[in-house]
Structures are given as structure tokens and as C-alpha cells.
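> Predicted coordinates and the sequence they were generated for:
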Amino acid sequence: MSSAELLQPCRTVIFLTLMAIGASHAADGGSLAACAGIGDDGERLACYDRASGRVAPLPAPPAPQAAQPPADSGPVAARGSFLSQHWELDEADKHGTFRFRPHNDNYLLLANLNPAPNGAPFRPANPLSSRSAVGPDHVELAFQLGFKTKLVEHAAGSRGDLWFGYTQQSYWQAYNTAASRPFRETNYQPELMAVLPLDLTLGGVRARFVNIGLVHQSNGQSGTQSRSWNRLYAQLGVERGALAVTARLWRRLDSGQDDDNPDIVDYMGRGDISASWRHEGHELSLTARRNLSTRNGALQASWAFPVTAGLKGYVQLFSGYGQSLIDYNYSQKTLGLGFLIDY
């Protein structure tokens, strides 16, 4: 066999191979041309990948989302327990000893209106006496200021705390120029309180503390204007949502022949109950006391509303006996307008 005959099969194989390569390139060129006509960027890129034989990577799995905190159950949940903050019942609310805290409401009544002020206790020479030509003015300025401080925290290794509190309440005839603007009455009230936190729930009502207190109250006067008494009391505090309720029962400790006001319990009663409801800066409060034997007592309602940071508008209504010690046996109705120090 000649050399030409030997090369003939090789030429055939080479020719067929070149034809296959050309066909492949023609097909790829057609595919690439088709990809170029696609308008969407993502689809065009995918087409180029398929034409070139490239395998597109698998999409990355979605990143895990961080766990969302539980939704707030409302304003009360955001603020926490008012009674706990007021008495530092929970460990998170404790602030240590000898730090001054609010006790009873601190307020200023720029106008305390009384249609029938009591001038009977004053001597005839006193311009506020009902027998004087001047007498007490029907509008006066009144204020209440006070504080409490913790003396012992976790007393004797218990959960209980020992507190000292002081409250001063004054009634000032600031607009009575004819009587030289005197203070008609000022009451002083120091007290010692042992507070034990509780955490008992029944029917949605949560008992928060029990308090044993010893309180003295007097007006610093002498003779027929002298008023004073001492009490030992037990108090329970409960709450449900934005509503807080405290109830007290007391026993008077002093009485006798030298007592300036031996019948004070007949008018001031043997206990009281207070309720307060707080919502979005507003506070509605109600305090009631009554002697079941004599049916004497008093009712005080108040409304505090936001004005500015640290200060609220304040409206106070009172009806009954004992708004002040000098009036413990005198029934009256008053309307007070002013400001409450917020805390």
C-alpha cells in the first residue's frame, strides 16, 4: 500500500473532527447571540451561564431572624408595679438606706375653697374666730409636703424593711389681708413603718405588702386649740394592673383625762381605704374612712393630670370630718385647685 493510501483514513478523521468542532462553535455562537437579546439582567446572565456550561450556584439559605422580644402588655407592664416602686418591694426596685423618697402626695393648692370655714376653735381675740369681725376667709392656700427614708433594709435577715416617714399639712389664709395672712392650721405627722413584701395572687389581684406602723399626729398648739393622737396600724397593699389599693386598720394608743380630743375616733374612724388608678400620666385617687358606730367619716377624691415634667395639675374634693386636726369634729366640703409634684 502506497503512502497516499495510508494517509487517506487520517485525512477523513481530521475532516470529521474539524466539522464537529465547527458545528459546536456555530451552536455556541447562536446561543450567545440569543442570550444577548434578553432584556432582564438576571435572566441574561443565567443564559450566558448555560451557554458556557457553567453551573449556577445554589441560592444561600435565608439568615435566621433574631428572636423578637415579647410584646409589651400595656402601660402597666412598661412601668412595672407602682406599689413595688413606692415601697421598694422587689429587689430590682431597692435603692438602699437613707435615701429620701416621696411618701404621701406632695401638693400645693393655690385655691382651697370652703363655703363654711370653721372659726369656732379660735379664741375671740383671734381674727380667725367666728366671733371676730374678720373671721376665716372662704379661700385659702393649702399644701402637703413630706418624705420617707429607709432606715434598715432586710431587717434581721428578713425580706422586710424599716422606714421613717414625715408629712406636714398646712392651711394658710394667704388671701386674708384683714387677718394679716395667718396660718390657720398646720399638722405634723412623723411615723415609723415596718414593711414586709408579699407576692400572693388570687383572682387576678396581687397582694404586694403588709405594713405595721406607729404614727403620731399633732398641730403643735396649746389650750383649746391643741389636737394630737397616736396610733398603731396595720396596712395591706394590693394591685391589679393600673389599680392599686391600700387598706388600714388602726388602734388609738393615748386617751385619758388630759386628752385634748378624747372623741377623735368617733369622727376619724378606725381605719381607711385608698384606691388609685394610673394611666398615661393621669392619676385618679379616692380615700374613704368611716366609724361604723357613729357613721361619721370622710371622703376625698383627687385627679392629677400631666402639665410638664415633674409637675401635674391637681384637683381635690373633700367631704366630711377631719380634713385637718383642728376640724376633726367639724363637717365641711372643700374644693382645691393647684399642682402635684410628680414622682
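Nice, thanks for sending it over. In this text the structure is predicted, and so the values were computed from the model without any measurement. Numbers count the residues shown, from 1 in each chain.
> wait, what's in contact with residue 320?
Applying Cβ atoms under 8 Å, 6 or more residues apart in numbering to residue 320 gives the contacts 296, 297, 298, 299, 331, 332. In this view, the C-beta of every residue, glycine as well, is placed from N, C-alpha and C.
> can you confirm residue 247 is in a helix?
No - using DSSP: H, G, I helix; E, B strand; the rest coil, the assignment for residue 247 is strand, not a helix.
> Now for it, how many residues are close by?
14 (other Cβ atoms under 10 Å).
> How about residue 273?
For residue 273, the neighbour count with other Cβ under 10 Å is 15.
> Now restrict the contacts of residue 320 to buried residues only.
Buried subset of these (neighbour count, 16 or more other Cβ atoms under 10 Å): 296, 297, 298, 331, 332.
> of those residues, closest to residue 41?
The nearest member of the buried ones among the contacts of residue 320 to residue 41, counting by Cβ to Cβ, is residue 298 at 81.2 Å.
> Give the closest residue to the closest one in space, chain neighbours not counted.
Distances taken as Cβ to Cβ, 6 or more residues apart in numbering place residue 320 nearest to residue 298, at 2.9 Å, with adjacent residues excluded.
> ok, longest strand in this structure?
Scanning the chain for the longest strand, with DSSP state E as the assignment, gives strand 183-202.
> List the buried residues in the helix or strand following that strand.
The helix or strand immediately downstream of strand 183-202 is strand 205-218, counting by DSSP states H and E. Judged by neighbour count (16+ other Cβ under 10 Å), strand 205-218 contains these buried residues: 206, 207, 208, 209, 211, 213, 215, 217, 218.
> out of the contacts of residue 320, which are inside strands?
297, 298, 299, 331, 332.
> what would those residues look like in a markdown table with pLDDT and distance to residue 222?
Shown next, in a markdown table, are those (pLDDT from 0 to 100; distance: Cβ to Cβ, whole Å):
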| residue | pLDDT | distance to residue 222 |
| --- | --- | --- |
| 297 | 96 | 28 |
| 298 | 98 | 26 |
| 299 | 98 | 31 |
| 331 | 97 | 25 |
| 332 | 97 | 24 |
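> Show me which of the residues you listed is closest to residue 130.
Distances from residue 130 to the ones in strands among the contacts of residue 320, taken by Cβ to Cβ, are shortest for residue 332, at 13.3 Å.
> The closest one contacts residue 116, correct?
Yes - counting by Cβ atoms under 8 Å, residue 116 is a contact partner of residue 332 at 6.0 Å.
> In contact with residue 109, which residues?
If a contact means Cβ under 8 Å, 6+ apart, then residue 109 has 141, 142, 143, 314, 316, 336, 337, 338 as its contacts.
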